[in-house]
Every structure is written in structure tokens, then in C-alpha cells.
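**Student:** Sequence below, structure please.
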Amino acid sequence: MSRSIQSAPALSLRALGYSFVTATLVLGLAACGGGDGGGSGSETLTVNLAYTGNALLLRPSTITPAITGLAGHAPNCTLVSGTIPAGMTLNSDCSITGTPLVGGSFPIVVRLGASGVSNTLDWNGAVLVLGPSVTYTVPSTMMVGTSYDVPTLNNFWIAGPGDAVTYSIASGSLPDGLSINATTGRISGTATTEGTYAFKIAAQVVNGGRTATVTSQSPLMATVNRPLITYSQAQAFAGLPFVSTPTVPAGNATYAFSASSSLPAGLSIDSSTGVISGRPSAISGNTVYRINLTGTTSTGTFTNFSDFSMSVASPVYVHYPSTIGHVGVPLSSPPSYINNSSDPLTGISFSYALHPGDVLPPGLSLDSVTGAITGTPTTYTNVNSTVDVTVSLYGTSFVVQAIPLIGIQ
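**Tutor:** I've put the predicted structure just below:
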């Protein structure tokens, strides 16, 4: 009688110690012919192989497979490729035992044979040794001036009374301003410098003269961007009080503020709080101002900047109605204004003058106090003239323009 493996499909064990994996080993059993010339027969065996559990760093550990279907044939496992963790051994019965001295995931290929058969089955797997956690959820995007506190995750291994655990940076570097707690592995601090950072964390355990380590399998990545400072107000009105308060990154830094270029006339920035305030005295379009930051943390100082965009508008809109006059007929066209702001504009006053180089139709004149265009036109014409209106409000004066459209028929 002889037995042989008829088919040996690939055995896939994706994560030894985490998943329950089965493999099918099909064996053909050829019956021996009897002395009476009896025929031969065959028998098919389906073998299920599964691993559960994992090993613990510096702890006596056993990873035992569950093998069924061999029908009395003894399993025999050997290592084809990969590395069994230092301190552990792959036994012929397919179990993996010992006291691991290094943590991590160790890919292996194991060859499974059975007594009484000549063929074998190879399968891929990985031995998982858990130690002090070097798993983190590090924010992939950070901001200068923001404080972070990142603990370890998946703490399946707990230090015992005889274990001395020390965390360190195995390679690369943490973002400037952050540090790792050597005892707990916690990463914390206030980011201070822009850039992209990659690093690995190592945890070393010493117990009874034995030293073991766990290191991040892949680099942890973080990108630190310049701070985003937002202001509460971006629209100012000439002559009216303006206050805009910054919101700084959530962190332990204190700041000193300054503006790289002059803010709108009448406004200034508080160097301690970053508040921009005052009464703007001139109208200006939307402009980007660079705010310089000097941050101070427990580990030192850093400098950076943020952009702030604002505009200064007129609180009033002065306009003339479309004016149609007739030659020889007296005309009077006074201006009016619309309040663009939410303030009552108490005490506002105006003075009027033609823009240099502009003229009114012959026979008409501009009253500098009331702004009224009056007179008796003498010539048929259409004129677009610009009136410069000086607005005085709360001790501040600024100029807006009105453009009356005058047609004389």
C-alpha cells in the first residue's frame, strides 16, 4: 500500500496570530491488492490547518496550529524561507514556541508534510510578536503653532514589574517642537517649523538581563504647514471704528505680532494680541497684508507669518439723479447719500468740488457746501463730470466721488 499527495494547492496565511486560516491538503490512498486478486481502492483526505493567537515579547509564548483531517498521519513542519523571531522555534509538529526577543511581524514560508506521504504543502504566513506599542495615529497634516498630544495605540502588551521600557526615535526626526516621552511613548509638543517629516519609533524592553526591541514597520509621516490666522472682520469703513480679532492655532505658544507692510491709514496692530483696530482714514480696495508672528513655547521661539485680506469702503454713497435740463430754463440738482454702514453716522458733513480738469455745462455751477448743481444752461450739451466729495466723520476726512450725468436739451 502506498500513499501520495495528489494535489498540493498553495496555502495562504495572511496574518498569523490574527486570522483563522484553513488550507486543504488532498491525499490519495491506494489500497493494496489482496492475495485473491482483489482490486485496488483510493481514499481522499481533506486537511484543515489553522493558527490563532500571537506571541508576546519577553513572555514564554506558544502559537499552536489546529490541524484536522490527517486521519492519524503525523504532521511535520519545516521552515522554507523567512525568519522565526529570535528566541522562538518552529517545531516539527508545526507549533512555534519560545520567548521572543524581538517584536514585529515576521513573514515565513512553512512546508507541511505528513507521515507516510512523500509530497508536501508550502504556505505563507507571518509570526506576530506583540510588544510595547509603536502604533500611532499621527495627523498627516499639522500646523505651526498648534499643539499635539499623540498616544500609542493597540496596547496589547502590558509591561510587568521587571520590565523597563524606553521609547526613542529609531530613524528620521519628529516635527520640530515635538518630542517623545521615553517612558510612555507619547508624542507631544507644539509644531514650530514647516516641512515634511518621516520617522520610526523604537521601544526597548530590558528584563533580567535580556533586551528586546520593537520598531515601527513603516515610517510615520507628517507635513507641517505655516499657521492659518483668521480675523473676525475683513471689511472696514472709512471714518468708522474698526476692530478685527485674530484666531490663532490651538496651542501653547504665545505670540508677538507685526505687519510686514503698512496697514490702511488709521489702523494699527497690537503687538501682543494681534488685534487690528482704529479708524481708517482713506478708502482702499481689497489688499493682502502679511502678519508676522513670533511664537514662544516652552522649548524656544519660532517665526512665521500669515496673510490677512481686508478692504476699506466708504460708509456713504453720494449720488446725483440723472439731470435733464433745457437751455434757458433754470436747473437745480442737489445730491443725496446712502448709508452703506450699520452706524447712524451722527455729525457727518460734506464739501464738494469739481474734480481737477472737469467742467459743468455753461451756465451751471457747483455749490461747495450743499453740492447742488444750479444755474440756467446756455448751451445744448451732454457732460459727464466728476464731483470730489470730502466726507468728514468723527474727526476723519476722506474723499469719495460722485458722477452726475447732465444733459442739456
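
**Student:** Can you tell me the SS state at the closest residue in space to residue 203 that isn't next to it in sequence?
**Tutor:** Spatial nearest neighbour of residue 203, chain neighbours left out: residue 132 (3.7 Å); criterion: CB to CB, 6 or more residues apart in numbering. Every residue, glycine included, has its C-beta placed from N, CA and C. Three-state call for residue 132 (DSSP: H, G, I helix; E, B strand; the rest coil): coil.

**Student:** Pretty sure residue 153 is one of the things residue 186 touches, is it not?
**Tutor:** No. With contact defined as CB atoms under 8 Å, residue 186 does not reach residue 153; the gap is 11.3 Å.

**Student:** Can you report how many residues neighbour the closest residue to residue 65 other than its chain neighbours?
**Tutor:** Nearest non-adjacent residue to residue 65, counting by CB to CB, 6+ apart: residue 94, 4.6 Å away. By other CB atoms under 10 Å, 19 other residues sit near residue 94.

**Student:** For residue 94, give its distance to residue 193.
**Tutor:** Applying CB to CB, to the nearest Å, the value for residue 94 to residue 193 is 52 Å.

**Student:** Over to residue 400?
**Tutor:** In terms of CB to CB, residue 400 sits 46 Å off from residue 193.

**Student:** Give me the below-cutoff pLDDT ranges for the stretch 51-200 of the chain.
**Tutor:** 51 (pLDDT under 70).

**Student:** Quick check: closest non-adjacent residue to residue 267.
**Tutor:** For residue 267, ignoring the flanking residues on the chain, the nearest one in space by CB to CB, 6+ apart is residue 278 at 4.2 Å.

**Student:** picking that back up, please identify which of residue 186 and residue 153 sits among more neighbours.
**Tutor:** residue 186 (15 against 10).

**Student:** quick one, what contacts the residue lying closest to that one once chain neighbours are set aside?
**Tutor:** Spatial nearest neighbour of residue 186, chain neighbours left out: residue 151 (5.2 Å); criterion: CB to CB, 6+ apart. Residues near residue 151 by CB atoms under 8 Å, 6 or more residues apart in numbering: 136, 184, 185, 186.

**Student:** one more time with 10 Å, if that's ok
**Tutor:** By CB atoms under 10 Å, 6 or more residues apart in numbering, the residues touching residue 151 are 133, 136, 137, 181, 184, 185, 186, 187, 188.

**Student:** do residue 360 as well
**Tutor:** Residue 360 neighbours (CB under 10 Å, 6+ apart): 354, 366, 373, 374, 375, 377, 381, 383, 385, 387, 404, 406.

**Student:** How about the third one: which residues does it bridge to?
**Tutor:** Using DSSP bridges, the beta-bridge partners of residue 373 come out as residue 333, residue 366.

**Student:** For residue 198, see how far away it is.
**Tutor:** Counting by CB to CB, the gap from residue 373 to residue 198 is 72 Å.

**Student:** Who has more neighbours out of the two?
**Tutor:** residue 373 (25 against 12).
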